[in-house]
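Participant: Okay, predicted coordinates and the sequence, questions at the end:
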Amino acid sequence: AQKVTQAQTEISVVEKEDVTLDCVYETRDTTYYLFWYKQPPSGELVFLIRRNSFDEQNEISGRYSWNFQKSTSSFNFTITASQVVDSAVYFCALSEGKETSGSRLTFGEGTQLTVNP
Amino acid sequence: DSGVTQTPKHLITATGQRVTLRCSPRSGDLSVYWYQQSLDQGLQFLIQYYNGEERAKGNILERFSAQQFPDLHSELNLSSLELGDSALYFCASSVGTQATYNEQFFGPGTRLTVL
């Protein structure tokens, strides 16, 4: 069975600090996909990134960066120079890769990030 | 805006009642997924449809059912509602034609409150 663990329930930082959100996953599949979603106070789920299991390159998008390490089954998310608008719940998710019609997402418990001015 | 629409945005009803939640996927997406987000269970997958057919089931109660219509919109039916069914229900859609691309885009959700 698949499992995603986000051990940090809540994180509070001051604006401009860097913050890393941890994600550890479990799967028996050799092909899988990892995702991060953001849920701001308004409630919608916003897609941030998808990473394939066979691509361990780290990725940077503006102030966001992701560190994927298969050896430790981790897919961590770092926000550099955090801003108040980054305050949200962040979810890490895992999907199997074998279904051609798409596969369900298994979500972690989420990390509530609060960025204080 | 993800391109996925859900109606209604809010729904308040009583125990024992039945409600229908509606979802329209992004144009061109064949797969529709339903998820439930509650305080005690977190975000959980309920069911998936692909081009009109049920493809996968998750932690969906027998009181709940869903379908996907020929125009690809989907409905989630919740019956004999209980207080514990109060939650945010998300619909998501994806292209669904290849395993290498199953990025899901979520609708704004329907917040169900059972009194």
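Facilitator: Received it, and whenever you're ready, just let me know what you need. Numbering: from 1, shown residues only, chains lettered A, B, ... in the order given.

Participant: any idea how far residue B:66 lies from residue B:92?
Facilitator: Relative to residue B:92, residue B:66 is positioned 13 Å away (Cβ to Cβ, to the nearest Å). Every C-beta, even on glycine, is put in place using the N, C-alpha and C of the backbone.

Participant: which one of the two has more residues nearby?
Facilitator: Set side by side, residue B:66 and residue B:92 show more neighbours around residue B:92, with 28 against 23, by other Cβ atoms under 10 Å in any protein chain shown.

Participant: and that one, what element?
Facilitator: Of the helices and strands defined by DSSP states H and E, residue B:92 is found in strand B:87-94.

Participant: Only the C-alpha atoms, please, for that strand, written as CSV.
Facilitator: The C-alpha coordinates for strand B:87-94 follow below in CSV (Å, rounded to 0.1, in the frame of the first residue of the first chain):
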residue,chain,number,x,y,z
ALA,B,87,-16.7,17.6,4.7
LEU,B,88,-15.3,19.4,1.7
TYR,B,89,-15.8,17.3,-1.4
PHE,B,90,-13.4,17.8,-4.3
CYS,B,91,-13.6,16.8,-7.9
ALA,B,92,-10.5,16.6,-10.0
SER,B,93,-9.9,15.8,-13.6
SER,B,94,-6.9,14.7,-15.7
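
Participant: The helix or strand following it pairs with which strands, and in what direction?
Facilitator: Next in sequence after strand B:87-94, counting helices and strands by DSSP H and E, comes strand B:105-106. Strand B:105-106 sits in its sheet next to strand B:87-94 (antiparallel), going by DSSP bridges.

Participant: quick one: the strand it pairs with to chain centroid distance?
Facilitator: On the basis of Cα atoms, centre = their mean, to the nearest Å, strand B:87-94 sits 5 Å off its chain's mean C-alpha point.

Participant: and if you look at stretch B:37-46?
Facilitator: 12 Å.

Participant: Are there residues contacting both of residue B:66 and residue B:92? Which ones?
Facilitator: residue B:34 (Cβ atoms under 8 Å, 6 or more residues apart in numbering or on different chains).

Participant: Can you list the residue ranges for strands in chain B?
Facilitator: Residue ranges of the strands in chain B, as given by DSSP state E, are B:5-7, B:10-13, B:19-24, B:31-38, B:42-50, B:53-57, B:64-68, B:74-78, B:87-94, B:105-106, B:110-114.

Participant: out of those, nearest to residue A:14?
Facilitator: Among the strands of chain B, strand B:42-50 comes nearest to residue A:14, with 28.0 Å by Cβ to Cβ.

Participant: Also compute the angle for that closest one relative to strand B:31-38, please.
Facilitator: Relative orientation of strand B:42-50 and strand B:31-38, computed by axes from the mean of the first three to the mean of the last three Cα atoms, to 10 degrees: 160 degrees.

Participant: average pLDDT across strand B:42-50?
Facilitator: Mean pLDDT, computed over strand B:42-50, is 93.

Participant: same deal with stretch A:49-61?
Facilitator: 86.

Participant: Please see if that stretch touches chain B.
Facilitator: Yes - residues of stretch A:49-61 contacting chain B under Cβ under 8 Å from any Cβ of the partner chain: A:50, A:52.

Participant: before we move on, what about stretch A:1-20?
Facilitator: No - in terms of Cβ under 8 Å from any Cβ, no part of stretch A:1-20 sits within range of chain B; the closest distance is 10.0 Å.
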